[in-house]
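**Student:** Pasted the sequence and its predicted model underneath.
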Amino acid sequence: MLGKKKGFTIIELLVVMTVIAILVGLALPRFKGMQDEGNIAKAKGELRTLQAAVESYYIHNNNAYPATGASALQTALASAVPSIINYVPTDPFSSSNADYGYVLGGTNSKFYVIYSAGPGGNGSATIASNAVSETNGSSCIYVSNAGQDSQP
């Protein structure tokens, strides 16, 4: 009498692979949400650091903020004395690895907003009537000296 072969049938293997595929399918959306939460926390922390650097620049440069634009901010903060940061980090939500946005405006250019594109990837902000105005939806994450900071 021949012994029964040990092993799995093709049907058993397909059932196991199907169960694994279903579990992976359920888990992936949760990881995406966790990644967004991590990037939001990262952006908020980096924006606070940039805000401290801009305020330090203002104090040490005759009460003047850096000119508008990410490249102007990069140049000003990299050469600032005392140095708080060496470079403006890239926005974790930017699809093109761009720096955080920076806009100067309001009465006598005394207000600024530093912003991230946010989880939607297309958020931006400006200064209008001495207050921050989000221009592309409400997914923008920002810090400013013109009122409340965003809290997404």
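**Tutor:** The structure has been received and is ready for your questions.

**Student:** C-terminal to the helix ranked longest in the chain, what's the next element?
**Tutor:** Looking across the chain with DSSP state H, the single longest helix is helix 10-60. Sequence order places helix 70-78 as the next helix or strand after helix 10-60, per DSSP states H and E.

**Student:** contacts for that following helix?
**Tutor:** Here helix 70-78 makes contact (Cβ atoms under 8 Å, 6 or more residues apart in numbering) with 50, 53-54, 57, 66-67, 84-88, 98-102, 114. Any C-beta I mention is one placed from the backbone N, CA and C, and that applies to glycine too.

**Student:** quick one: average confidence on that helix?
**Tutor:** Averaged over helix 70-78, pLDDT sits at 91.

**Student:** Flag the shaky bits of this protein, pLDDT-wise.
**Tutor:** Applying pLDDT under 70 to the chain flags the ranges 1-4, 136-138, 148-152.

**Student:** quick one on the thing from earlier: for ChimeraX, write a command that selects the buried ones of the contacts of helix 70-78.
**Tutor:** Command for ChimeraX that selects the buried part of the contacts of helix 70-78, burial taken from 16 or more other Cβ atoms under 10 Å:
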select :50,53,54,57,66,85,88,99,100,101,102,114
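
**Student:** Now do residue 126 against residue 68, distance only.
**Tutor:** 10 Å (Cβ to Cβ, to the nearest Å).

**Student:** intersection of neighbour lists for the two?
**Tutor:** Counting by Cβ under 8 Å, 6+ apart, the contacts common to residue 126 and residue 68 are 103, 105.

**Student:** Give me the neighbour count for residue 121.
**Tutor:** 14 (other Cβ atoms under 10 Å).

**Student:** now swap in the one 3 residues further on and tell me
**Tutor:** By the other Cβ under 10 Å criterion, the neighbourhood of residue 124 contains 19 residues.

**Student:** same deal with residue 134?
**Tutor:** Neighbours of residue 134 (other Cβ under 10 Å): 17.
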